[in-house]
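1. A predicted structure for the sequence below; I have some questions about it.
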Protein chains: 2
Amino acid sequence: MDIVILTIGSEILKGRTLNTNATYIAGRLYAAGFNVVQERAIADGEGLIVRALEECFSTADIVIATGGLGPTRDDVTKSAACKFMGRRLVFDQQYYDHLERMFQRMGYNSVPERSYSQAEAPEDAEVLPNSQGTAPGLWMNEDGKVLVLLPGVPREMEHLIDEQVLPRLIERYTSGTNHSAIVRTIGIGESIVAEQIEQELEENERELLNYYPHSGFLDVVIASSGEMAPATAETVVKVSAHVNRVLEKNVYATEEKDIWEVIAGYLASRGQKLAVAESCTGGLLAQMITSISGASRWFAGGVVTYSNASKRDLLGVRSGLLENHGAVSEEVAVAMARGAVERLGAQWSLAITGIAGPGGGSEDKPVGTVYIVLSGPGGSTCERYSFNGNRSHVRHRSAIKATELLWRNLRRSAGG
Amino acid sequence: MDIVILTIGSEILKGRTLNTNATYIAGRLYAAGFNVVQERAIADGEGLIVRALEECFSTADIVIATGGLGPTRDDVTKSAACKFMGRRLVFDQQYYDHLERMFQRMGYNSVPERSYSQAEAPEDAEVLPNSQGTAPGLWMNEDGKVLVLLPGVPREMEHLIDEQVLPRLIERYTSGTNHSAIVRTIGIGESIVAEQIEQELEENERELLNYYPHSGFLDVVIASSGEMAPATAETVVKVSAHVNRVLEKNVYATEEKDIWEVIAGYLASRGQKLAVAESCTGGLLAQMITSISGASRWFAGGVVTYSNASKRDLLGVRSGLLENHGAVSEEVAVAMARGAVERLGAQWSLAITGIAGPGGGSEDKPVGTVYIVLSGPGGSTCERYSFNGNRSHVRHRSAIKATELLWRNLRRSAGG
């Protein structure tokens, strides 16, 4: 089944909000084997919505729309859907009673006038109960075309997709047998990967390769896409084994797993702990680490030392080192890493010091100069980088390179 | 000028990647007064692209497309654009020479064969030089329709939008006189804001109100949208003054400014410094702070104390406190904040300790329980919260509430 995801709401078009709803829905549909052929975002407006529905149904059988179901004046999705489907908007007593109970639980005597419209639904629409809010989802069916309307609030939309929409889609429509595999890599570029992988493959196998670079990482997904026929399990297994073999040095997972989950596995299994000392990344690395739940088992803690004084007081970096070599130097990075191990009681530590910009660069150490040190049971390793790009980019690249350095060392010492 | 943003690449449709490119472009266009009428994402595929261009140009004069300009097989945007515009793809010697110099700087002897195609451009297309990568942008013009092709790599796309595309758009097309204003608030919900603001306004003024909530923040944008006529400067000024007055207690900016830039202003003007001590937020707060360039002038540093030992060693929290009250308690939060002030040499500090989940909760202190302490020249304030939601949500809400606490106190002591 071909599906279009339609996001209704002008905040998207003004660039004020990332369209996380479309990404969530697309990911869930993809995982369930459905084919999303288009995502589209438009502003609230009856005419705009009707026209978009006409175009979307010319390429797809199912349209899932989010937004414009709220109680305010600019919420016109239901009336537009009625216009498109040629139906009336009718009052749903059953849903109104449900709404009344919800508002009473929230401490109201009755349903506020502005929320009456929440109980209106297109005639013959299936009402999808929303336990997280007042706007229900709506499922409309006409001549084999399915139009699903969902509220735009992420928590409510996610709940409705998982509890109401996906089960119906899976039950009512055969999902495609679109086999796929993923190979996740770090520290290698797209063009080199493509060159290394593709030479030994047949044309029909090459067509299955999709490259998804994301700031230092590169996922290779083996699956059919676009206008192609679904891939067979046999071909996917063969191609993914090949990809895995060729990129072996850079592969950290062959499933949907974060690299920090892989690192967590190494550390936890040895009963070792990691500490971090950050200057230019300012907490970014610690934040990535602690986004993994259960990190306290293997993460001893971190310090963000933005000044010479804090490098000295929190990490024991000697003033002489700071004066002679500067805060951005191999010597200070090594001292930061050693200090983190000692002060935080860890076996491993990562230290990062550099110039993220826009100010602070010199001829010797221009903006983008970053020292990364890994200290471990076997000693310390220092890497010096010269990153291009703006402040945010330099910070991000630094945190990813530190991650890679640790992962490589843990894998090596595990005999991997 | 009505503009459509077209994102080409199947990673979006599989829900693997947020469409940050479309958001970036939309934001820049909106700020420059252009009207984005649609965003659309489709997979790589010549037929798909040609069809999308046909539909997009039926509602807009300008289409800005990203993606599919790379050197690999699935990059077919240029050939699809040629098909749509009825042009041939021709070899651009000048760009090839430029490419050769780029590859030589990267240490290659010559341009790799697979990158030859980067030097091909639709005939009569304007080549937009890309200093960040090998694929140039392309600007095509036909019968008053403008098609702009940009690479999908965010850094390259952003550079081309800012340096090449926006200047051309502004020079060649009168930007709309669509007046607008913004009022940025923290700590207040959308429905309360709407109720408070809207009662005293006329219908035509209410129509200008747009609410953009984003995790603890709410922007009120006063502007026309969708199918409405452009707003006059007079009405926008009147409505924004009203909004500002009504929401005064929660307004931190009336321009596109981050709340941490506002806080930076308060601290820098007094020559004071801030330190942070984070447990459950794990570096998130420090990372938000240090994303502001020049933060070293007013940010003394931070510690991420994930264990009792690190709270004791780095912040001087007494073992007795940890044993008697637990790491998640008002007493420990206060001691963390005081320790941060002392150890990091700051006048102000924020400390956060809590249970982000999914594990670690108890009946007394369920998941979502978070203590936030602000310590300043006038003493300490502690707030206890019970946040709903998952780990990432609890962490994020905690960091935002800490930010609000500091901002309120700085504003109050500045007499604001």
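-> All right, it came through fine.

2. A strand includes A:Val4, no?
-> Yes: according to DSSP: H, G, I helix; E, B strand; the rest coil, A:Val4 belongs to a strand.

3. I figured it hits A:Val63, correct?
-> Yes: here A:Val4 reaches A:Val63: they are 4.9 Å apart, a contact under Cβ atoms under 8 Å. Yep, even glycine has a C-beta here, placed from its N, CA and C like the rest.

4. overlap of the contact sets of those two?
-> Here A:Val4 and A:Val63 have A:56-57 as joint contacts, going by Cβ atoms under 8 Å, 6 or more residues apart in numbering or on different chains.

5. skipping its backbone neighbours, what lies nearest A:Gly360 in space?
-> A:Val367 (6.7 Å; Cβ to Cβ, 6 or more residues apart in numbering or on different chains).

6. so what's the residue count around the one you found?
-> 20 (other Cβ atoms under 10 Å in any protein chain shown).

7. correct me, but it touches A:Gly357?
-> Yes: the pair formed by A:Val367 and A:Gly357 meets the contact definition of Cβ under 8 Å, at 3.7 Å.

8. so where's the stretch 51-200 of chain A shaky on pLDDT?
-> Low-confidence segments of the stretch 51-200 of chain A (pLDDT under 70): A:174-178.

9. mind listing what's buried in the helix or strand harbouring A:Tyr212?
-> Following DSSP states H and E, one finds A:Tyr212 within strand A:209-214. The neighbour-count check on strand A:209-214 (16 or more other Cβ atoms under 10 Å in any protein chain shown) flags A:209-213 as buried.

10. could I get these as CSV with pLDDT and distance to chain B?
-> Shown next, in CSV, are those (pLDDT from 0 to 100; distance: Cβ to the nearest Cβ, whole Å):
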residue, pLDDT, distance to chain B
A:Leu209, 88, 8
A:Asn210, 82, 6
A:Tyr211, 82, 7
A:Tyr212, 79, 5
A:Pro213, 76, 8
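
11. can you tell me which of the residues you listed is nearest A:Ser349?
-> A:Pro213 (28.9 Å; Cβ to Cβ).

12. and the nearest residue to the closest one once chain neighbours are set aside, how many neighbours?
-> Closest residue to A:Pro213 apart from its sequence neighbours, by Cβ to Cβ, 6+ apart: A:Glu190 at 5.1 Å. Neighbourhood size, A:Glu190 [other Cβ under 10 Å]: 16.

13. show me the contacts for A:Glu190.
-> Counting by Cβ under 8 Å, 6+ apart, A:Glu190 has contacts A:211, A:213, A:218, B:70, B:72.

14. next, give phi and psi for A:Thr17.
-> phi -140, psi 140 (degrees, to the nearest 10).

15. ok, the nearest residue to it once chain neighbours are set aside to B:Ala26 distance?
-> Distances taken as Cβ to Cβ, 6+ apart place A:Glu11 nearest to A:Thr17, at 4.5 Å, with adjacent residues excluded. A:Glu11 sits 10 Å away from B:Ala26, going by Cβ to Cβ, to the nearest Å.

16. do A:Arg338 as well
-> Distance of A:Arg338 to B:Ala26, given as Cβ to Cβ: 47 Å.

17. these two: which has the busier surroundings?
-> When A:Arg338 and B:Ala26 are compared for neighbours, B:Ala26 comes out ahead with 26 against 19, by other Cβ under 10 Å.

18. what residues does the stretch 51-200 of chain A have near chain B?
-> A:51-52, A:55, A:59, A:72-74, A:155, A:190-191, A:194-195 (Cβ under 8 Å from any Cβ of the partner chain).

19. among those residues, who's most crowded?
-> With neighbours taken as other Cβ under 10 Å, the top of those is A:Ala52, carrying 24 neighbours.

20. that one is in what secondary structure piece?
-> helix A:46-57.

21. which parts of the stretch 151-300 of chain A are helices?
-> A:154-160, A:166-172, A:190-198, A:203-206, A:233-246, A:259-270, A:284-290 (DSSP state H, counting those that start in this stretch).

22. winner for burial among the ones you listed?
-> The highest average neighbour count among the helices of the stretch 151-300 of chain A, using mean count of other Cβ atoms under 10 Å in any protein chain shown, belongs to helix A:284-290 at a mean of 27.

23. near chain B at all, that helix?
-> Yes: Helix A:284-290 reaches chain B (Cβ under 8 Å from any Cβ) through A:284-287, A:289-290.

24. returning to what we had before: which two in the residues of the stretch 51-200 of chain A next to chain B are spaced the farthest apart?
-> A:Arg73 and A:Glu195 (55.8 Å).

25. bridging residues for A:Ala65?
-> On DSSP bridges, the residues paired with A:Ala65 through beta bridges are A:Leu6, A:Leu149.

26. pull the contacting residues for it.
-> By Cβ under 8 Å, 6+ apart, the neighbours of A:Ala65 are A:5-8, A:49, A:53, A:77, A:81, A:147-150.

27. ok, the residue of chain A most remote from its centre to B:Val341 distance?
-> Going by Cα atoms, centre = their mean, the residue of chain A most distant from its centre is A:Gly320, 43.6 Å out. With distances taken as Cβ to Cβ, A:Gly320 is found 27 Å from B:Val341.

28. where does the stretch 201-350 of chain A dip in pLDDT?
-> Scanning the stretch 201-350 of chain A for pLDDT under 70 picks out A:225-229.

29. buried residues, stretch A:105-125. List them.
-> A:111, A:115, A:117-122, A:125.

30. got those as CSV, with secondary structure columns?
-> Formatted as CSV, the buried residues of stretch A:105-125 follow (three-state DSSP):
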residue, secondary structure
A:Val111, coil
A:Ser115, helix
A:Ser117, helix
A:Gln118, helix
A:Ala119, helix
A:Glu120, strand
A:Ala121, strand
A:Pro122, strand
A:Ala125, coil
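
31. and those residues, which is closest to chain B?
-> Using Cβ to the nearest Cβ, A:Ser115 comes nearest to chain B of the buried residues of stretch A:105-125, at 10.1 Å.

32. enumerate every residue touching the closest one.
-> A:71, A:99, A:103, A:134.

33. restricted to helices, list these.
-> Secondary structure defined by DSSP state H assigns A:99, A:103 of the contacts of A:Ser115 to helices.

34. what is the nearest of the contacts of A:Ser115 to B:Ala233?
-> Of the contacts of A:Ser115, the one sitting nearest to B:Ala233 (Cβ to Cβ) turns out to be A:Pro71, at 30.6 Å.

35. quick one, what contacts the nearest residue to A:Val236 once chain neighbours are set aside?
-> The shortest distance from A:Val236 to any non-neighbouring residue, by Cβ to Cβ, 6+ apart, is to A:His179 (4.4 Å). With contact taken as Cβ under 8 Å, 6+ apart, A:His179 is in contact with A:223, A:230-233, A:235-236.
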